[in-house]
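Peer 1: The following comprises the amino acid sequence and a computationally predicted model.
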Amino acid sequence: QVQLVERGGRLVQAGGSLRLSCAASGRTFETYAMGWFRQAPGKEREFVAAISGSNSGGVTYYTDSVKGRFTISRDKAKMYLQMNSLKPEDTAVYYCTADSLVRTVRIGNAVYWGQGTQVTVSS
């Protein structure tokens, strides 16, 4: 059974940093594209960042609102989202996602999704 499990979400003050991780099990995800989405209360789920698989060079993509503040990365075991200079508007449930195609990840149609981890940024 394929599972994606996110960890690292918590309450943090504005200007602070958090590192989210996503662990995959049940299959090998090294060549899969992976990404992060988030959903704030009362809002639609939105794309945050994505990274292509190891066979595609690990190319990264970001939504404009997080460029320069967030960094997506991965190793053989996990994917990460380093979040710096956090703002109250970054408050959301953050979801890990994976698919064989990075374009599918970026538009939110990936096959695999985690359960999410809550990030709350206080002002």
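Peer 2: Received, thanks.

Peer 1: And residue 119, which helix or strand is it part of?
Peer 2: Counting by DSSP states H and E, the element that carries residue 119 is strand 117-122.

Peer 1: what's next to that strand, contact-wise?
Peer 2: For strand 117-122, contacts defined as CB atoms under 8 Å, 6 or more residues apart in numbering pick out 6-14, 16, 18, 20, 38, 83, 86-94. C-betas here are computed from N, CA, C, even on glycine.

Peer 1: filter these to the buried ones?
Peer 2: Neighbour-count burial (16 or more other CB atoms under 10 Å) applied to those gives 6, 8-9, 12, 18, 20, 38, 83, 86, 90-94.

Peer 1: Redo the residues you listed as CSV? Include pLDDT and distance to residue 45.
Peer 2: Output for the buried ones among the contacts of strand 117-122, formatted as CSV (pLDDT from 0 to 100; distance: CB to CB, whole Å):
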residue, pLDDT, distance to residue 45
6, 98, 14
8, 98, 19
9, 98, 15
12, 98, 21
18, 98, 19
20, 98, 16
38, 98, 7
83, 98, 17
86, 98, 19
90, 98, 14
91, 98, 14
92, 98, 9
93, 98, 9
94, 98, 10
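
Peer 1: Closest to residue 28 out of those?
Peer 2: residue 6 (18.9 Å; CB to CB).

Peer 1: List phi and psi for that closest one.
Peer 2: phi -90, psi 150 (degrees, to the nearest 10).

Peer 1: wait, isn't it in contact with residue 94?
Peer 2: Yes. Contact criterion CB atoms under 8 Å: residue 6 and residue 94 qualify, at 6.4 Å.

Peer 1: Common neighbours of the two, please.
Peer 2: Counting by CB under 8 Å, 6+ apart, the common neighbours of residue 6 and residue 94 are 20, 116, 117.

Peer 1: Can I get those in JSON lines including distance to residue 108?
Peer 2: Compiled in JSON lines, the shared contacts of residue 6 and residue 94 are given as follows (distance: CB to CB, whole Å):
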{"residue": "20", "distance to residue 108": "18"}
{"residue": "116", "distance to residue 108": "14"}
{"residue": "117", "distance to residue 108": "18"}
